[in-house]
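Undergrad: Just need the structure, nothing else, for what follows:
(4 chains)
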Protein chains: 2
Amino acid sequence: MTNIRKVAELAGVSVATVSRTLKTPAIVSPGTRDRVLAAVEQAGYRPNLMAVQFRSQRTRNLVVLVPTIANTFFARVIGGIQEAAQRRGYGILLCNTLGDERTEQAYAGLVSTRQADGLIQLRAYDPFTASDGKARPPMVNACEVLDKSPCPTVKLDNRAAARVVTEHLLTLGHRRIGMIKGPLNSPLTRDRLLGFQDALATAGLMSDESLWCPGDFTPPSGHRAAGDLLSRADPPTAIFCENDEMAMGAMRRIKEAGLRVPEDISVAGFDDIAFASFCDPSLTTIAQPAENFGREAVSLLLDIIDGRDDAADEHRIMPFELVVRESTGPAV
Amino acid sequence: MTNIRKVAELAGVSVATVSRTLKTPAIVSPGTRDRVLAAVEQAGYRPNLMAVQFRSQRTRNLVVLVPTIANTFFARVIGGIQEAAQRRGYGILLCNTLGDERTEQAYAGLVSTRQADGLIQLRAYDPFTASDGKARPPMVNACEVLDKSPCPTVKLDNRAAARVVTEHLLTLGHRRIGMIKGPLNSPLTRDRLLGFQDALATAGLMSDESLWCPGDFTPPSGHRAAGDLLSRADPPTAIFCENDEMAMGAMRRIKEAGLRVPEDISVAGFDDIAFASFCDPSLTTIAQPAENFGREAVSLLLDIIDGRDDAADEHRIMPFELVVRESTGPAV
DNA sequence: CAGCTTAATGTAACCGGTTACATTTCATGA
DNA sequence: TCATGAAATGTAACCGGTTACATTAAGCTG
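TA: Below is the predicted model:
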């Protein structure tokens, strides 16, 4: 393996001179510089960055924990993370955790053991355990955020957004509105449910828990939940789904039952994934700046890593927007 | 920072004993072992893996170059890569290249500079340049594969699969079949086009190049291309799209034109993404074992890294399956 | 209990860069 | 010519583990 000593020998100089030629050429005399560069070229030398990292105690890698990469929304967030990190000279160690805490802890260990400089968690769970040492490693929690987060966060005001969607449905005259929820233990699900109830309460309606169906953010779960709602004696005239994937599954199920969207039942989603405007009917949903979630998270994390500690307790709220398309219409 | 020397001091033993206690406890006497473990606990010690890697010259990281993470098919492939890598103790450095060769070369440099042990490229491009040294770093090319690859490959027989889809359309009586292509310079696009032509030729039909529209694998491009096809004097009775994302865009456009799928026009896709069975109508497409592409690629790459050189020139062909759903029907 | 084997532990070199500090070279001015 | 200082270059410690080899302690046999 060609290392710096080989190059030094080849150029007839010391290792220090080779290192200086590559890092601070200005302080090396032109003649020596040329000889060294020729030797580098001849030997095909590439510095071993593992050694550099080891010396500098910085890997310039960030760990990213994603509940599931198959979700189109997260894919966009990751895109934003990746772009921002790359621009600042950092690489991304991606982990598709599938919500498994053991896996998350294992990857968090990469930070504790210095294989990465910091961590971005996209799920509401703190992967650092006591065994990770006393000092908390740099971390940012984004998208799905812990209520009492031990680190900076980047989130949406899910409660407000859900209220806006629900108000939209109420304005259209819907009174019986079904709800397809996300995973039960998630603060995100809870907040969207709260916003949903807020809007109903403001409109003077009782919320009917029998119209809440569990789902897991995948199309099949939306399909199943919609089937459940349709089988009721008095089915809802509109369904609010906590994400677009489930909304697409639900629309499919409604059409299989011979009903039309939105003429018979309205459907609203959440996230505005790429397919939302291309499915049939196109989906009314909440648009989130997914890529910006990623960029903000990286920016906050690097602030911590670089010791700009004024960032240590920041909690950013990202904007959202109701996008009304074809899947919602007046109540029958 | 607590390092092995601090722990050794705390336990009243040498650094070697600490190292042995953690790596090969069997050769340490029980009494010493207990004292060392107590000291490790007390100090909150986690070994600095950067030092371990540096010593062993192995990072246990793999670089993965993805053309675009927003594509549902690639998301599944990455899931497979990630799972297989994790099981074998490797982490993934993910790069969303967007097809930019400079970015790809930069990430390939991580391997040349020992920040990663190998690379998986999901696009038909060799990111290693001459400057990466004479010995080719470990690499595997999967999904979209170079014709003359300098490394092992994992691919689908795209030509055969496209032929099967086309034969399906021909069997349904279609004679004018439109084609929405992927990016022009890709071997994948070329192979699917060849398979399409093969089937037409076998059926004794001339292929009509005016029915080939360019796309870029995104829903909007499928939408645009379908609009283009519909505006022809004599539009096709079926459209074969080179991936499902474009097929969904195309179906949307067809319905916007007041036509029905499949009654007026049939649409077929490629990849069988999660939404293919939940859109309306559900999509006839080619199912690929996406996760297995990832697993195979990891397996081949680790064979190379571990010096099982019998793998150095392997080219695996993955199976496919035509999934007939609602979007294709008899020609009118 | 000497003599020998085996188990347990310690010492220090090593991986490949970086950089503080030491040393050499060279130009300049007295 | 020599002293002086700046510029160029060299030497070696260091980062934190691992491990070959050396050393010491313990156990066993006759």
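Undergrad: switch to C-alpha atoms for all contacts and neighbour counts from now on
TA: OK.
Undergrad: and after the helix or strand where A:K6 lies, which helix or strand comes next?
TA: Following DSSP states H and E, one finds A:K6 within helix A:4-11. Following helix A:4-11 in sequence order, the next helix or strand is helix A:15-23 (DSSP H and E).
Undergrad: Give me the mean pLDDT for that following helix.
TA: On average, the pLDDT along helix A:15-23 is 93.
Undergrad: Over to stretch A:200-216?
TA: The average pLDDT for stretch A:200-216 rounds to 94.
Undergrad: Could you do stretch A:179-196 as well?
TA: Rounded mean pLDDT across stretch A:179-196 is 94.
Undergrad: Buried residues in it, which are they?
TA: Across stretch A:179-196, burial judged by 16 or more other CA atoms under 10 Å in any protein chain shown covers A:179-182, A:187-196.
Undergrad: In TSV, list those along with distance to B:A290 and secondary structure.
TA: Shown next, in TSV, are the buried residues of stretch A:179-196 (distance: CA to CA, whole Å; DSSP: H, G, I helix; E, B strand; the rest coil):
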residue	distance to B:A290	secondary structure
A:M179	32	strand
A:I180	29	strand
A:K181	28	coil
A:G182	26	coil
A:P187	32	helix
A:L188	30	helix
A:T189	30	helix
A:R190	34	helix
A:D191	35	helix
A:R192	33	helix
A:L193	35	helix
A:L194	38	helix
A:G195	38	helix
A:F196	37	helix
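Undergrad: now, which of those residues sits nearest chain B?
TA: A:I180 (16.4 Å; CA to the nearest CA).
Undergrad: and the helix holding A:K6, does that touch DNA strand D?
TA: No: judged by CA under 7 Å from any atom of the strand, helix A:4-11 and DNA strand D are separated, with a smallest distance of 7.7 Å.
Undergrad: which pair in the buried residues of stretch A:179-196 spans the largest distance?
TA: Greatest spatial distance among the buried residues of stretch A:179-196 (CA to CA): A:M179 and A:P187, at 16.0 Å.
Undergrad: would you list the buried residues of stretch A:179-196 in a markdown table and tack on distance to chain B?
TA: Formatted as a markdown table, the buried residues of stretch A:179-196 follow (distance: CA to the nearest CA, whole Å):
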| residue | distance to chain B |
| --- | --- |
| A:M179 | 19 |
| A:I180 | 16 |
| A:K181 | 18 |
| A:G182 | 18 |
| A:P187 | 25 |
| A:L188 | 23 |
| A:T189 | 22 |
| A:R190 | 26 |
| A:D191 | 27 |
| A:R192 | 24 |
| A:L193 | 25 |
| A:L194 | 29 |
| A:G195 | 28 |
| A:F196 | 26 |
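Undergrad: between the residues you listed, which is nearest DNA strand D?
TA: Minimum distance to DNA strand D across the buried residues of stretch A:179-196 is 37.2 Å, recorded for A:P187 (CA to the nearest atom of the strand).
Undergrad: ok, now which ones touch that closest one?
TA: A:124, A:144-147 (CA atoms under 8 Å, 6 or more residues apart in numbering or on different chains).
Undergrad: For A:A106, give its distance to DNA strand D.
TA: A:A106 sits at a distance of 17 Å from DNA strand D (criterion: CA to the nearest atom of the strand, to the nearest Å).
Undergrad: nope, A:T166 is what I meant
TA: 54 Å.
Undergrad: ok, now A:S56?
TA: 8 Å.
Undergrad: next one: phi and psi at that residue?
TA: phi -90, psi -10 (degrees, to the nearest 10).
Undergrad: how many neighbours does it have?
TA: Neighbour count of A:S56, defined by other CA atoms under 10 Å in any protein chain shown: 9.
Undergrad: who touches stretch A:120-131?
TA: Against stretch A:120-131 from outside (CA under 8 Å, 6+ apart): A:62-67, A:99, A:101, A:104-105, A:108-109, A:136, A:139-146, A:150, A:186-187, A:297-298, A:301, B:44.
Undergrad: which of those count as buried?
TA: A:62-67, A:104-105, A:108-109, A:139-146, A:187, A:297-298, A:301, B:44.
Undergrad: Counting only helices, which of those residues make the cut?
TA: A:104-105, A:108-109, A:187, A:297-298, A:301 (DSSP state H).
Undergrad: For DNA strand D, state which of those residues is nearest.
TA: A:G109 (13.5 Å).
Undergrad: farthest-separated two in the ones in helices among the buried ones among the contacts of stretch A:120-131?
TA: A:G109 and A:P187 (24.8 Å).
Undergrad: I figured A:T218 hits A:E245, correct?
TA: Yes: A:T218 sits in contact with A:E245 when judged by CA atoms under 8 Å, with a separation of 5.5 Å.
Undergrad: So between those two, which is more surrounded?
TA: Neighbours per residue (other CA under 10 Å) separate A:T218 from A:E245, with A:E245 holding more: 30 against 20.
Undergrad: pLDDT value on that one, please?
TA: Per-residue pLDDT puts A:E245 at 96.
Undergrad: measure it to DNA strand C for me?
TA: 48 Å.
Undergrad: swap in A:V77?
TA: As judged by CA to the nearest atom of the strand, A:V77 and DNA strand C stand 33 Å apart.
Undergrad: count of neighbours near that residue?
TA: 25.
Undergrad: Next: A:S29.
TA: Using other CA under 10 Å, A:S29 has 11 other residues around it.
Undergrad: how about the residues of the stretch 1-150 of chain A near DNA strand C?
TA: So far as CA under 7 Å from any atom of the strand goes, the stretch 1-150 of chain A lies against DNA strand C at A:1-5, A:15-17, A:19-20, A:22-23, A:46-49, A:51-52, A:54-56.
Undergrad: And the buried ones among these, selectable in ChimeraX?
TA: Filtering these down to the buried ones (16+ other CA under 10 Å) takes a single ChimeraX command:
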select /A:4,15,17,19,46,47,48,49,51,54
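Undergrad: and the residues of the stretch 1-150 of chain A next to DNA strand C near chain B, which?
TA: A:46-49, A:51, A:54 (CA under 8 Å from any CA of the partner chain).
Undergrad: ok, and of the residues you listed, which contact DNA strand D?
TA: Among those, the residues within reach of DNA strand D (CA under 7 Å from any atom of the strand) are A:51, A:54.
Undergrad: got a list of what A:L146 touches?
TA: Contacts of A:L146 (CA under 8 Å, 6+ apart): A:123-125, A:187.
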